[in-house]
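S.K.: fold the stuff below for me.
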Amino acid sequence: MSHRPTQRPAVSLTTLAEKKALGEPIVMVTAYDFPSAQVAEEAGVDVVLVGDSGAMTVLGHPSTVPVTTEELLMLSRAVRRGLKTPLMVCDLPFGSYEASNEEAIRNAQRFVKEAGCDAVKVERGGTTVERARALVNAGIPVMGHVGLTPQTATALGGYRSQGRTAERALQVLHDAQALQDAGCFAIVFEAIPSALTEAIMPRMEIPVIGIGAGGAADGQVLVFHDLLGIYDGHVARFVKRYSSVREEMIKGVSDFADEVRARRFPEEQHGYTMAPDEIARLHDLLRESTGEPFTGGFSL
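M.R.: From the prediction side, this is the model:
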């Protein structure tokens, strides 16, 4: 049975606010290229994030830090070509917005103008709150991100759950509220205790998308390559795999290699034909051009 939605209206910021008000869960996935965007479109998700996680899942880096603005713009343009309905949010990569409000606005504008992003995402509280406010004032919708923030994971002690002490939990709350006050339309809560999410949610007026943050959030997000079992790297505790696509891909390529080596591929149905009279003419032309009988593989 197909689960593809039929002629859904495009998801907007208003759509997400309405979903929160109505208690309707919000579905978000990452995508990094045209095919994955098409899958997200057909599956009927609400939000697609062109995440800097593409640094790891697509570009092979050990973390999100090395990915450049140009690389993420390229990935974002590809995703845009495959999307019609979901809201498209693009990560601002590490180093593209921290230095000043002006730099943040300049780079965010590139994602909107050159890649067609509907919104951008920034990480952390602190000085990022000022950047978020500047972006919003410049007319660029902003999604925040608190808890485990991969761009600064080293400073947080690595890729581990955040907010597990009362003091640190209070800081996560303050970061979330500050980003909300700065005008963010939504916030991602990553890798924080479920009890902390439950405590914060009554104080949030904007949608909260959780990833490893429990079921109290307004929606959930997973990385495309994690939920489909494409990525072979470390899998976080919060990941649920809904498919094993990588195994199927390896099997398919291995079967192809086996058939080529055994000369079972290609078969007759995989080739193209010529009309018999054209083959005969080709034989004649080859004889005329070489002066020798043609001994190739053509047959009448």
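
S.K.: wasn't Q220 part of a strand?
M.R.: Yes - Q220 sits within a strand when classified using DSSP: H, G, I helix; E, B strand; the rest coil.

S.K.: number of residues surrounding it?
M.R.: A count of neighbours around Q220, defined by other Cβ atoms under 10 Å, yields 19. Yep, even glycine has a C-beta here, placed from its N, CA and C like the rest.

S.K.: so it touches V27, yeah?
M.R.: Yes - in this structure Q220 lies within contact range of V27 using Cβ atoms under 8 Å: 6.9 Å.

S.K.: could I get the full set of helices for the stretch 201-300 of the chain?
M.R.: With DSSP state H, counting those that start in this stretch as the definition, the stretch 201-300 of the chain shows helices at residue ranges 224-227, 245-261, 276-290.

S.K.: now the last one: buried residues?
M.R.: Neighbour counts using 16 or more other Cβ atoms under 10 Å place L286 of helix 276-290 among the buried residues.

S.K.: starting at the chain centroid, how far to it?
M.R.: Between the mean C-alpha point of helix 276-290 and the mean C-alpha point of its chain there is a distance of 54 Å (Cα atoms, centre = their mean, to the nearest Å).

S.K.: quick one: average confidence on it?
M.R.: Averaging pLDDT along helix 276-290 gives 91.

S.K.: and stretch 173-191, by the same measure?
M.R.: For stretch 173-191, the per-residue pLDDT values average out at 97.

S.K.: same thing with stretch 141-157?
M.R.: The average of the pLDDT scores along stretch 141-157 is 78.

S.K.: turn the helices of the stretch 201-300 of the chain into TSV, columns for distance to V67.
M.R.: Converted to TSV, the helices of the stretch 201-300 of the chain look like this (distance: least, Cβ to Cβ, whole Å):
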stretch	distance to V67
helix 224-227	15
helix 245-261	22
helix 276-290	52
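
S.K.: which one of these lies closest to V172?
M.R.: When those are compared by Cβ to Cβ, helix 224-227 sits nearest V172, at 22.7 Å.

S.K.: who does the closest one touch, helix- and strand-wise?
M.R.: Helices and strands touching helix 224-227, as assessed by 3 or more Cβ pairs under 8 Å, 6 or more residues apart in numbering; DSSP states H and E, comprise strand 26-30, helix 34-43.

S.K.: quick check: which helices or strands does the last one pack against?
M.R.: To tie it back to what came earlier, the one meant is helix 34-43. Under the contact definition 3+ Cβ pairs under 8 Å, 6+ apart, helix 34-43 sits against helix 69-82, helix 224-227.
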